[in-house]
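In: sequence first, predicted coordinates after that:
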Amino acid sequence: MELELKRKPAFEAALRGALSHPEQKGAILTATNWHESMISKVLAGDAGITLDKLDKTLAALGLVVVSRKYMEYLAYGNEIGTNCACARAGFNACGVK
């Protein structure tokens with residue numbers, strides 16, 4: 001199921017947010033070895049983030065990439081946990097004595 005998002009994608013929002021904080025901005029500049037002028041070019045869409053800098057940028061932001069399949073797995077696991085057989089049978093939640 002696809003949802004229409006009315007906000008900036010997570011990576012863009014995280015990057016824009018981090019670049020407005022001097023310490024986080026410095027970490028990104030250090031990780032990517034960018035000159036400070038590169039930031040305005042990226043934010044304006046005049047330059048992109050090359051593949052060799054993408055992982056470094058994600059790491060500096062504290063982000064990781066996971067597959068949609070993995071996120072669906074986590075959601076399914078939460079659904080199982082909240083709808084466990086013990087609770088459905090009236091015996092409280094699974095594992096609770």
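Out: Received, thanks. It should be emphasised that the depicted structure is a prediction, and the values quoted were computed from it without experimental measurement.
In: need the longest helix for the chain.
Out: helix 68-82 (DSSP state H).
In: need the residue closest to the centroid of this structure.
Out: Closest residue to the average C-alpha location of the chain: L63 at 5.0 Å, with C-alpha atoms, centre = their mean.
In: can you tell me the helix or strand for that one?
Out: Using DSSP states H and E, L63 sits within no helix or strand.
In: for it, what are its contacts?
Out: 10-11, 14 (C-beta atoms under 8 Å, 6 or more residues apart in numbering). For the C-beta atoms, the positions are set from N, CA and C on the backbone; glycine is no exception.
In: separate out the buried members of these.
Out: Buried members of the contacts of L63, scored by 16 or more other C-beta atoms under 10 Å, are A14.
In: thought A31 was touching A60?
Out: Yes - here A31 reaches A60: they are 4.1 Å apart, a contact under C-beta atoms under 8 Å.
In: the two: who's more crowded?
Out: Taking other C-beta atoms under 10 Å, A31 and A60 do not tie; A60 has more neighbours (21 against 16).
In: so how far is the helix or strand that contains the more buried one off the chain centroid?
Out: Element membership of A60 [criterion: DSSP H and E] is helix 51-61. Distance of helix 51-61 from its chain centroid, counting by C-alpha atoms, centre = their mean, to the nearest Å, is 12 Å.
In: what packs against it?
Out: Helix 51-61 is packed against helix 10-19, helix 22-32, with contacts defined by 3 or more C-beta pairs under 8 Å, 6 or more residues apart in numbering; DSSP states H and E.
In: which residues are contacting the first one?
Out: Contacts to helix 10-19, defined as C-beta under 8 Å, 6+ apart, come from residues 7-8, 24-25, 27-28, 39, 42-43, 57-58, 60-61, 63.
In: could you pick out the buried ones from those?
Out: Among the contacts of helix 10-19, those classed as buried by 16+ other C-beta under 10 Å are 24, 27-28, 39, 42, 57-58, 60-61.
In: returning to what we had before: which of the contacts of L63 sits closest to K69?
Out: Closest to K69 out of the contacts of L63 is A10 (17.5 Å), distances taken as C-beta to C-beta.
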